[in-house]
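J.: What would the 3D arrangement of this be:
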Amino acid sequence: MFRSEVMSFYQLLIPRESSYMVMNHLGSLDSLMIIDQNKDNLNRPFNYCITRCDDMMCKIEKLNKCLQDIGLIPEHIDDFKLLEQQYELKSHTYLNDLEALINHKHQQILDQVQKIEQMKQKRQFTIESKKAMIFARKQLGGAYFLSKSSSDLNLDEQPENKPLHGGMIPSQKFTHFVGIINAQEYHVFARAIFRITKGNFMMYNELLDQENELVKFISNRMCFLLFFPSQSVQSETFRKIKKLCETFKVDHVRLPISEDQWDQRYNQYENDTIEIEKLISFTQDLIKSILTPLISGEPTIQYIRNFIIKEKLLYENLNKLKIQPSVFIGLLWIKSSKIDQIEKCFRKIKEINPNLVLPQPRQLKTPRTPPTSFALNQFNKLFQLITDTYGVPRYREINPSIFSIITFPFLFGVMFGDIAHGLLLLSFGLYLSITKKFSPRTIQKETRKQLIQQGTMKVTGNEDIDNINKNSSLQLLYDLRYMLILCGGFAAYCGLIYNDFFALQLDIFGTCLFQTDCVYPFGIDPMFAENLNFSNSYKMKLSIIIGYFQMTLGLLCLGLNSYNQRNLISLFIVFPVKLCFFSLTIGYMAIIIFIKWNTKFMDPGAAPSIISTMVDMWMHDGYVDMQLYSNQSQIQEYVIIIASLCIPIMLFVPMFHDLYKNSKQQIVEDEFVQVSQEDREEEHIQVEKESNGDIVVHHLIETIEFVLGCISNTASYLRLWALSLAHSQLASVFFDLILSGSINEAQAPWQIIMFPLFLIITLGVLLCMDAMECFLHALRLHWVEFQSKFFKGDGYQFEVFSFTQAMQLQNKI
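T.: Residues are numbered from 1 along each chain as shown. Next comes the predicted model:
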């Protein structure tokens, strides 16, 4: 965790006939990264296999969805290592068998689903037609069925509902039309009818209701009854209206012309609906019988899915190898501590198939920068993520995350310091850790339990599930559980120092204000804590001291990095000079803060100001009017002289060293990599020569940035004081406005009413919004002020070739 794992660079010559088996075993080691040697080659040899895997995954996802639709959830798989051991025994032809199985199942399900969709559409039309016929009967009345033709019907009696009409004459001959249309298109359709009939029409409409589950698929459908003048169905008006109905995809419903036909048609609709429902149920049972073997049979759908994930990753890494007529050439980064596993892997392959020719590994030297890999767990992965968001650490560079585990929660606690608020965060973090609330597995179990209780899911094996939505925002809280514990603990600790409990001062040990030779046991005396001027002065100076020590830690890490990289100029000149300059400026200010704290002044108001002392020191060559210690002016003169000399040293010495190296170096060339005994070729990595002007500008900017950064970064740590002041004052305001008056006046009913409001505001504003603000400021102090002293952040991740990791990622565990 302090530094990334040591990497070794290997070349691997894999015979073509054993390439699949070798890659199949290497993917289970979780300890190597294959370098892509074909980045510019779009036509890679195994792209077809990857496409096959993608196509199979799409079909499996569709089958998974069908399983969920019929209430079957695949059994969840936890032990991926056991799966890997089973997969190692499979040959490359096993993918063909699974592909045939999946294609057969998918085609069967696809045919049955299409039949169900067709039957549902037919059922929908049947139900809509029945409702439209009932609606038309209600509007037309009994007079319609006494006549033999609708053309003999007139509208002497208007229905109760006011129709949409355009002033037609009631005694005219007319034609009717019953149809079903989407409700959102009805008004456009009605306007078109108005233009075609020139306003001579009447139209009634009704929104089709959703009475039960069988018609829940009907959404926003409307039936209408249209009357318009027309001498026959061959008229121009009727032809235009029919054309318009085809454009709007209106379903035409033909009405019976007698009572007997009406009863017959109605019974036919009822029987058709029942028959369609039986066919749908039968087809669903058929689908279930087709899919059930994927749950309880061999192989299961989860087994197939994870095998395809593994195969796709294998072929993706085969594409990274350089292909020769008889061998595949791979360049690998291997964790040095896992090299012996490679040899064991090859021996295992030989035991399985003695006739195979084993690959030939060979360690090489290379100027390539190795990847960065850290051993992570549930505790430190979040802190590592914070660092990686800013930049991946360079290979073997000190990892800032190891310090952030303590410094990040500590700086948060300095800004968020309050005993009660800190204990609330600590308690919530402990609750998440102990009960595992909001964890992915807990959410899956609870969701499954709810679905089973609702009767929408059947139990099929393991109580865990896989395909339930796990992307809940509450899972973020579970990932933050350890950080909440640390931040809450440090906030409570700083709250004890500040003597703040919901912005109230606790009189735990009494007060030493009116006693002689009394030292308060822990934290700030409650009588002083109530003094805002004292709290501001104390927290402001404390922020400077904390910033000095953390940035000094960053400079010490710079020295350790220089030692690890064998950079002698940086180790013996740049690092000591930067540390000296920083100590003589900011470190000296921290020293005089401690001196002032330990000096007793008869008149506290006459004590010298730290800021004035530092300004006068640099403006007047070390001379100050009010001295904190003897010979202060003389000592400050030496401080100024030494600090001033540090600037040209840290600028010119590394600059001249790089200029000298640049004059000697023409092209940095990678040593050749022997590809095979039959064919040798050299791989060159050329780095363009950096100009002398670029070197001068680079060192000039770096020096100016460090010198000015010593001041600006130190001033940036004053945010610790500002955020702490804002937090305490905000909590105090909430308490005074909500609870203080009722407590002072002993109004118990009012206290009962206002206390929940106080808790809600405390939770929403202080524990959520203000905690997020403190989190972001602590993040900035680490990224900018601390890491800028030593952290380069220009590395790249170790992309491990691991079947287990790929399956875990795809299954979102």
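J.: What residues sit buried inside stretch 619-635?
T.: Across stretch 619-635, burial judged by 16 or more other CB atoms under 10 Å covers Gly622, Val624, Leu628, Gln632, Ser633. No exception for glycine: its C-beta is placed from N, CA and C like everyone else's.
J.: for the residues you listed, which one is nearest Glu206?
T.: Closest approach to Glu206 among these (CB to CB): Leu628, at 92.6 Å.
J.: does that closest one really touch Ile591, like I thought?
T.: No - contact criterion CB atoms under 8 Å: Leu628 and Ile591 do not qualify, at 9.6 Å.
J.: give me the low-pLDDT residue ranges for the stretch 551-700 of the chain?
T.: 666-689 (pLDDT under 70).
J.: how about 50 then?
T.: For the stretch 551-700 of the chain, applying pLDDT under 50 flags the ranges 667-687.
J.: And for the chain?
T.: Ranges of the chain meeting pLDDT under 50: 148-172, 211-218, 455-471, 667-687, 813.
J.: That one: strands as residue ranges?
T.: Under the criterion DSSP state E, the chain contains strands at 7-15, 32-34, 164-165, 175-182, 202-207, 221-228, 251-252, 322-323, 327-335, 360-363.
J.: in its sheet, what does the fifth one sit against?
T.: So that's strand 202-207. strand 164-165 (antiparallel), strand 221-228 (antiparallel) (DSSP bridges).
J.: now the last one
T.: In its sheet, strand 360-363 lies beside strand 7-15 (antiparallel), with partners assigned from DSSP bridges.
J.: what's in contact with the strand it pairs with?
T.: The contact list for strand 7-15 (CB atoms under 8 Å, 6 or more residues apart in numbering) reads 22-23, 321, 326-336, 339, 342, 356-357, 359-366, 368, 370-371, 373, 395, 673-674, 676, 798.
J.: Now do the buried residues in it.
T.: Met7, Ser8, Phe9, Tyr10, Gln11, Leu12, Leu13, Ile14.
J.: Any chance of a markdown table for those, columns distance to Ser31?
T.: A markdown table is the format used below for the buried residues of strand 7-15 (distance: CB to CB, whole Å):
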| residue | distance to Ser31 |
| --- | --- |
| Met7 | 10 |
| Ser8 | 11 |
| Phe9 | 14 |
| Tyr10 | 11 |
| Gln11 | 17 |
| Leu12 | 14 |
| Leu13 | 19 |
| Ile14 | 17 |
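J.: Nearest to Ser663 among these?
T.: Taking CB to CB as the measure, Phe9 is the one of the buried residues of strand 7-15 closest to Ser663, at 29.8 Å.
J.: And that closest one, how far from Pro371?
T.: Taking CB to CB, to the nearest Å as the measure, Phe9 falls 11 Å from Pro371.
J.: overlap in contacts of these two?
T.: Trp333.
J.: got the strands of the chain as TSV, with distance to Ile116 columns?
T.: Listed next are the strands of the chain as TSV, based on distance: least, CB to CB, whole Å:
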stretch	distance to Ile116
strand 7-15	49
strand 32-34	46
strand 164-165	38
strand 175-182	22
strand 202-207	27
strand 221-228	20
strand 251-252	20
strand 322-323	48
strand 327-335	48
strand 360-363	56
